[in-house]
Each structure stands twice: as structure tokens, then as C-alpha cells.
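Trainee: 3D, please:
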Amino acid sequence: MKILMIATSADRLGQGGHATGVWLEELTTPFYAFQDAGAEVTLASIAGGTVPIDTRSVKEAGQNEVSVDRYLADPAFRQTVAATPKFTTIDAAGFDAVFLPGGHGTMTDYPENLALAHLIEQFDRSGRIVSAVCHGPAGLLTARKPDGTPFVAGRRVSAFADSEERAVGLEHTVPFLLEDRLRSLGAVYEQGPDFASFAISDGNLLTGQNPASAARVAALVMERLKA
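Mentor: I've put the predicted structure just below:
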């Protein structure tokens, strides 16, 4: 089982330059879940180099989600995060799944990335798993089906809810509201309670709503791979 994770390289958001990056547990929780289940995980990023981490997603030791504290005590993984390859330098043909962690940085460098859209299309058309959590589904927006319609059109998708965006006070900072954009492209958007774990599958497309959903999306990926 080989899984390609592609993280954001953007550390700023909006015209005001709001500091951001990947939301750490959306990276660490799936990474360790995949690794502990015996999968081979490759971490890449949009631009290569160090993956920026949203400082709000890191607390003092012992106060984080378990996988974050594990990461903070794992020098090998920290070095991996500090020196990722650019995803376009990797031959994706041998991977069984792609996973897009979120964080507000993805709202900057995922949506208009044609290479990322093409990669998503390749995975989908070959029946391989496409998975994302929270703001990670921003990477699905530009992808298209073979007939040219949006990749998400008619498909059940979850992502960070507009109500959650308003709750964190960034509804006027993000370039667009992700739920709204998904709906406008014809996605069948679904959500659970704000900030509670919620994940869904639609064929080979597996998505989760928010940081708390990262473990559930990872579990869905592993269930599908093992099946």
C-alpha cells in the first residue's frame, strides 16, 4: 500500500498576509495512521522544501492531539516535513491513494494548481483513492471529469463548513468559502455538527469536514485499501 500525501507550501493567506500553513493534526494524524497500518507513505508539497505549519495548530507539549505530540518528539518525521520534494517531481503512477491535508494555506496554492488537478484526475480515472480533509478539498476544485464537467459535480463531498469558517473569524480573510464553492460546482455537500468528526465516501472519493475528521478519513482510506 503506497500513499502520496501532498501538503500546502503557502504560509500566508489573503491580502493582509494572515499567517497560516498546514493544520498540523491533519498531516500527522493520517501520516501515523497510514504508517502504523503498514502503508508506505511519501510526503510531498506544492512547492517543495519545508511545509509551513500554522502555529495555532501547535500547543505546549502534552496539550496537543496525540499525533501532534508524537510528531514533536519524532525528529525523523520533523526532518521529512522540513525537506519535502515538490509533488510534480514524483512519479505518482505507483501510488494507491493520494491524501490532501488541510490548513488555510491550501486555499492559496491548491485551487488553481493545474498539475495538482491533473494528478487528481489521473487517480480518479484509474480507480485509485482520492482523499482530503478540512480545507484539503480545495485541491479538487479545478479537476475535471473526462466530459469536462467539475470533478466534484454530483459527488458527495465534505469540507470545512462555512459556519466553521465564520466561527474561527476568517470568513473575510479566505479568498472564498469552500463549502460555497463546492456547492457552486455541483457537489453534494454534506456536513456534521461544527468541529465534530464527520467523513464520507463516494466511490473512491473520501473526504472529511474538519481537523477532528482526519482520523476518520484516514480510517476510510485504509479500509478501502485493505478491501
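Trainee: so which residues of this structure form strands?
Mentor: With DSSP state E as the definition, the chain shows strands at residue ranges 2-7, 12-13, 18-19, 40-45, 97-100, 129-133, 156-157, 188-189, 199-202, 205-208.
Trainee: just name whatever secondary elements the second one is in contact with.
Mentor: Spelled out, it's strand 12-13. Helices and strands touching strand 12-13, as assessed by 3 or more CB pairs under 8 Å, 6 or more residues apart in numbering; DSSP states H and E, comprise strand 18-19, helix 106-109. All C-beta spots, glycine's among them, are computed from the backbone N, C-alpha and C.
Trainee: ranking those by burial, who's on top?
Mentor: When neighbours are counted by mean count of other CB atoms under 10 Å, the highest per-stretch mean among the helices and strands packed on strand 12-13 falls to helix 106-109, a mean of 25.
Trainee: residue boundaries of the helices in this structure?
Mentor: In chain order, the chain shows helices spanning 24-36, 66-72, 75-82, 106-109, 114-125, 162-167, 178-184, 214-226, with DSSP state H as the criterion.
Trainee: please convert these to a markdown table, extending it with distance to residue 136 and mean pLDDT.
Mentor: Output for the helices of the chain, formatted as a markdown table (distance: least, CB to CB, whole Å; pLDDT from 0 to 100):
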| stretch | distance to residue 136 | mean pLDDT |
| --- | --- | --- |
| helix 24-36 | 7 | 98 |
| helix 66-72 | 16 | 96 |
| helix 75-82 | 16 | 97 |
| helix 106-109 | 6 | 97 |
| helix 114-125 | 11 | 98 |
| helix 162-167 | 14 | 98 |
| helix 178-184 | 10 | 98 |
| helix 214-226 | 9 | 97 |
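Trainee: I'm done for today, thanks for sticking with me.
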